[in-house]
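Asker: Prediction below, plus the sequence it came from.
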Amino acid sequence: MTVTTMWEVLADPDPVFTIAEDLFATMIDGEPGHLIRWYGERPAILHPTYTWVDVLGGDQDARVLISMGRETGDDLARVLFDLEDTDDVPDTDFDDAVGELVNVVGGNVKSLVTHPGALTMPMVSGGMPEMGGLEPVVDACVTWKGSLVCVSLWVFDKETATES
């Protein structure tokens, strides 16, 4: 499978890092400088959660996937919902928070390509989504308050996309 030219602009982690940096500066931290790029091998994430949106109906379908630990997602939800550091985060609030993050990242990724298609509703899971028929384009990891957050872009094989 070949990644079409439309997604090649995102094959370097720089645009994805910039999107994440802008998102955290505006929605989470209120100022830039709290994300640090992760270099090297991706470590295992404790209690991983995955949230994703698919970009369908364009020249080549794609998936934007964010992975992080549940505790990191809880911390992000607390910030987004203006909760205390000790407040429990219900699953619905967790899903809303990380779903909103992937929706914003997906929308920004989509804006960088021509004829991208439309975003699906965000999905959230404690397990990795089915990734058969997908090819990775970029995987950009950052740390936020010492916790790993990874954003990856995948493209669907044309045959797989038509079957789904």
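Answerer: Okay, I see it.
Asker: So which bits of the lengthiest helix in the chain are buried?
Answerer: Longest helix in the chain by number of residues (criterion: DSSP state H): helix 91-111. Of the residues in helix 91-111, 93-106, 108-110 count as buried by neighbour count, 16 or more other C-beta atoms under 10 Å. The way it works is simple: take the backbone N, C-alpha and C, and place the C-beta from them, glycine included.
Asker: Now do the strands in this protein.
Answerer: 35-37, 48-57, 62-69, 117-119, 123-125, 134-144, 147-156 (DSSP state E).
Asker: Give me the local confidence score for Asp59.
Answerer: We have a pLDDT of 82 for Asp59.
Asker: isn't it right up against His115?
Answerer: Yes: Asp59 sits in contact with His115 when judged by C-beta atoms under 8 Å, with a separation of 4.9 Å.
Asker: which of these two has more neighbours?
Answerer: Between Asp59 and His115, counted using other C-beta atoms under 10 Å, Asp59 has the larger neighbour count: 15 against 10.
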